[in-house]
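Participant: Next come a sequence and a model predicted from it.
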Amino acid sequence: MISLVRAELRKYFTTRLSWSMPLAMAVLGGLFAALQGLFLAVIGEFPGPDGSMIVPAEAFGEDVVARLVYTGGVQIGYLLALVLGILSMSGEFRHKTITATLLAAPRRGQLIAAKLASVAVIVAVNSVAFTLGSVVGGGLTLALGDASLFPDPAGLLATFARMILVLVLWGLMGFGLGVLITNQVVALFVGVGVTLLVEPLLGLGLTFVEQLADASKFFPSQASMSALDLFAGVDPGMAQSLGGAQDALSWGWGTLVLLGYAAFMAALGWLLTSRRDVA
Amino acid sequence: MTTPPAPSPLGTGISVRGLTKTFGSFTAVDDLSFEVAPARVTGFLGPNGAGKTTTLRMLLGLVRPTSGEALIGGRRYADLPAPMGTVGAALEATGFHPGRSGRNHLRVLAASHGIPDRRVDELLELVGIPAAARKKAGGYSMGMRQRLGLAAALLGDPDVLLLDEPANGLDPEGIRWMRGFMRHLAQEQGKTVLVSSHLLGEVEQTVEDVVIIANGRMARQGTIDELRGEPAVLVRVADPAGLARVLQEAGLDVQPEDGGLRVTGADGACIGEAAHAAGHPVHELRPLRTDLERLFLELTESPEHRNRNLATGTEAA
């Protein structure tokens, strides 16, 4: 079992993806965090719901500003984590390496377990690169805006840990998707399309249906924002003006919901793989 | 859990029993049964689309049989404790990641079985691509891919080798190399080899046993000598009846065929000399196709055995 995980990790570390992906993660994380810092720290004020100007550092405190800046790119981060998960299986079908893989690991349950473990490790490594990039990019604009870089170090560390966990769970969801849709291009298209387009549109649509208005907080993206617990200690009305969901889940529930999605997708992957003919 | 059978001193054999696979309404393999003897080279022959690849894939647990079983050393492939240590397979259409080097492809497989990198380099030497294997697999020729596939099959030093059309895409030099390599594996290392081919001539000189299938069903099996039958010679002379008497007196079996005589029991030289001594000028003297060659031609050329993979319409899977 450990040898199968080692084989899966070796697969990842012997292609270009092993350096291009962390690089993309770090650069994009830095870029989006810097952008967030530009609004919250450098410009440092924006119009609130009642028309008066809000100064984030005064309204929420420096620790919330730092949290929001450093996680500014989390959406692009979990999209890339999703992509990493998708590639783990769909890449095998695309390059027809699935035959060699199954000859080396014919007990398919073990193969799936090894792949899930390797996706978790690979996404975790990439998430660290993403976090480092975000700290550099976000720190740059925070410093430019004369804001405190690490106002609450322990709290920030917890936020980073949650961000890494969220990304890993997205990676596991992607893995299931890659098994479900073996055509790599279609799988990537569906994964990114659902996250960027279908989910927000569906969420918007649901706000018009009274009985379901609450459902969108259980969607992966909304649950991810809840799991990050960015708005701890912030007035809910204010949080909404910063992009937080109405009546959001607690971070514990958000994490559980994401875990549920990941477990469901992984189970689906296991079920499909154990029955599939590889011709 | 059944207890594993004790390793046979004769090596590991293969047994296929009542194996059937249907894809929708298309029956790719139909109640197929055969045994592959340990430490021998067995040719698995049949026209394109006869079901050879599907059978091999069922043996390897890649395709689930609709019914029947395919066992290696008495076990299903997925039940072997270290599968690559028992069976090595080089299948057609095995892919390589274009951005990964051949050596790293082998290192990935090696990691799954705890095989050291040293063994990877040994095998790359053995199949003759030690330098090229450090380049990305995307640029490999067909011959390189075949050699890399073979190295992958041998990685765990298996007792049994399953080779699917190993000569496909090789140049004549490569085919010669492959033949010698298979003989070496079977004769000097005592490995059980099952090699599939749609061309009899490609494997005829290498194999000891033959299993021939057509339309997913067993057509013929036996040792190659049995299936070849006795070598026969066609001889034409002006007076066939006269020569027939002479040859029959010499104890040879003579049958009229195609205006000449079909003679079994002696080679062309003997027959030529006998005809000359009896005063019959020889017009034509040539060895006839063996029974095996005739059978194979019949199977490949008859319309009901056309390549079913290319069939159009509802019957195709």
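Facilitator: Okay, I see it.
Participant: Which secondary structure element of the chain has the lowest mean pLDDT?
Facilitator: In the absence of a named chain, chain A is used. helix A:236-241 (a mean of 69; mean pLDDT, DSSP states H and E).
Participant: that's the wrong chain, I wanted chain B
Facilitator: That would be, for chain B by mean pLDDT, DSSP H and E, helix B:291-301 at a mean of 79.
Participant: by contact count, what packs against that helix?
Facilitator: Counting contacts by 3 or more Cβ pairs under 8 Å, 6 or more residues apart in numbering or on different chains; DSSP states H and E, helix B:291-301 packs against helix B:200-203, strand B:209-214, strand B:217-223, helix B:224-228. Where you see a C-beta, it was placed from the backbone N, CA and C, and this is true even at glycine.
Participant: which residues are contacting the second one?
Facilitator: In other words, strand B:209-214. Applying Cβ atoms under 8 Å, 6 or more residues apart in numbering or on different chains, the set of residues contacting strand B:209-214 from outside is B:32, B:34, B:36-37, B:40-47, B:50-52, B:55, B:218-224, B:227, B:292, B:295-296, B:299, B:305.
Participant: What residues sit buried inside the next helix or strand after the least confident helix or strand of chain A?
Facilitator: Following helix A:236-241 in sequence order, the next helix or strand is helix A:251-275 (DSSP states H and E). Using 16 or more other Cβ atoms under 10 Å in any protein chain shown as the test for burial, helix A:251-275 gives A:251, A:254-255, A:257-258, A:261-262, A:265-266, A:269-270, A:272-273.
Participant: try stretch B:144-162
Facilitator: For stretch B:144-162, the neighbour count (16+ other Cβ under 10 Å) marks B:144-156, B:158-162 as buried.
Participant: These also near chain A: which ones?
Facilitator: Checking the buried residues of stretch B:144-162 against chain A by Cβ under 8 Å from any Cβ of the partner chain, the ones in range are B:Ala152.
Participant: which ones among the buried residues of stretch B:144-162 are found in helices?
Facilitator: Judged by DSSP state H, the buried residues of stretch B:144-162 include B:Met144, B:Arg145, B:Gln146, B:Arg147, B:Leu148, B:Gly149, B:Leu150, B:Ala151, B:Ala152, B:Ala153, B:Leu154 as members of helices.
Participant: Drop the exposed ones from the contacts of strand B:209-214 and show what's left.
Facilitator: Here, 16+ other Cβ under 10 Å leaves B:32, B:34, B:36, B:40-47, B:50-52, B:55, B:218-221, B:224, B:227, B:292, B:295-296, B:299, B:305 buried among the contacts of strand B:209-214.
Participant: tell me the strands in the stretch 151-300 of chain B, going along the chain?
Facilitator: Using DSSP state E, counting those that start in this stretch, the strands of the stretch 151-300 of chain B run over B:160-164, B:192-197, B:209-214, B:217-223, B:232-237, B:253-257, B:260-264, B:282-287.
Participant: residue boundaries of the helices in the stretch 51-200 of chain B?
Facilitator: B:52-59, B:83-86, B:102-112, B:117-126, B:142-154, B:172-183, B:200-203 (DSSP state H, counting those that start in this stretch).
Participant: Run through who's touching the least confident helix or strand of chain B.
Facilitator: B:45-47, B:198, B:200, B:204, B:210, B:212, B:214, B:219-220, B:224, B:227-229, B:289, B:305.
Participant: gap between it and the chain center?
Facilitator: Distance, stretch centre to chain centre, for helix B:291-301: 15 Å (Cα atoms, centre = their mean, to the nearest Å).
Participant: residue in the stretch 151-300 of chain B nearest to chain A?
Facilitator: B:Ala152 (6.4 Å; Cβ to the nearest Cβ).
Participant: what sits against that residue?
Facilitator: Applying Cβ under 8 Å, 6+ apart to B:Ala152 gives the contacts A:Ala100, B:Gly88, B:Ala90, B:Thr94, B:His105, B:Leu106, B:Leu109.
Participant: that older thread, reformat the helices and strands packed on helix B:291-301 as TSV; add mean pLDDT and distance to A:Arg6.
Facilitator: Converted to TSV, those look like this (pLDDT from 0 to 100; distance: least, Cβ to Cβ, whole Å):
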stretch	mean pLDDT	distance to A:Arg6
helix B:200-203	83	37
strand B:209-214	93	38
strand B:217-223	91	42
helix B:224-228	85	44
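Participant: ok so, going back, distance-wise, check the residue of the stretch 151-300 of chain B closest to chain A relative to B:Leu194.
Facilitator: Separation of B:Ala152 from B:Leu194 (Cβ to Cβ, to the nearest Å) stands at 17 Å.
Participant: So which residues on the stretch 51-200 of chain A come close to chain B?
Facilitator: Neighbours of chain B within the stretch 51-200 of chain A, by Cβ under 8 Å from any Cβ: A:91, A:95-97, A:99-100, A:102-108.
Participant: B:Asp131: neighbour count?
Facilitator: No, residue B:131 isn't Asp; it's Ala. 9 (other Cβ atoms under 10 Å in any protein chain shown).
Participant: next one: A:Leu132
Facilitator: Residues near A:Leu132, counting by other Cβ under 10 Å: 16.
Participant: Let me know whether it touches A:Val27 as I believe.
Facilitator: No: the pair A:Leu132 and A:Val27 does not pass the contact test of Cβ atoms under 8 Å, sitting 10.9 Å apart.
Participant: Can you give the domain ranges for chain B?
Facilitator: Using automatic domain parsing, the domains assigned to chain B come out as B:14-227, B:230-289.
Participant: got any ranges where chain A has weak pLDDT?
Facilitator: Within chain A, the ranges that satisfy pLDDT under 70 run A:49, A:233, A:237-238, A:240-246.
Participant: per-residue pLDDT, the closest residue to chain A within chain B?
Facilitator: Using Cβ to the nearest Cβ, the closest approach of chain B to chain A is made by B:Gly95 at 2.8 Å. At B:Gly95 the predicted local confidence, pLDDT, stands at 85.
Participant: Once you drop chain neighbours, what's closest to it?
Facilitator: Nearest residue to B:Gly95 in three dimensions, chain neighbours excluded: A:Lys96, at 2.8 Å (Cβ to Cβ, 6 or more residues apart in numbering or on different chains).
Participant: Could you do B:Leu185 as well?
Facilitator: Distances taken as Cβ to Cβ, 6+ apart place B:Lys191 nearest to B:Leu185, at 4.7 Å, with adjacent residues excluded.
Participant: No more questions from me, cheers.
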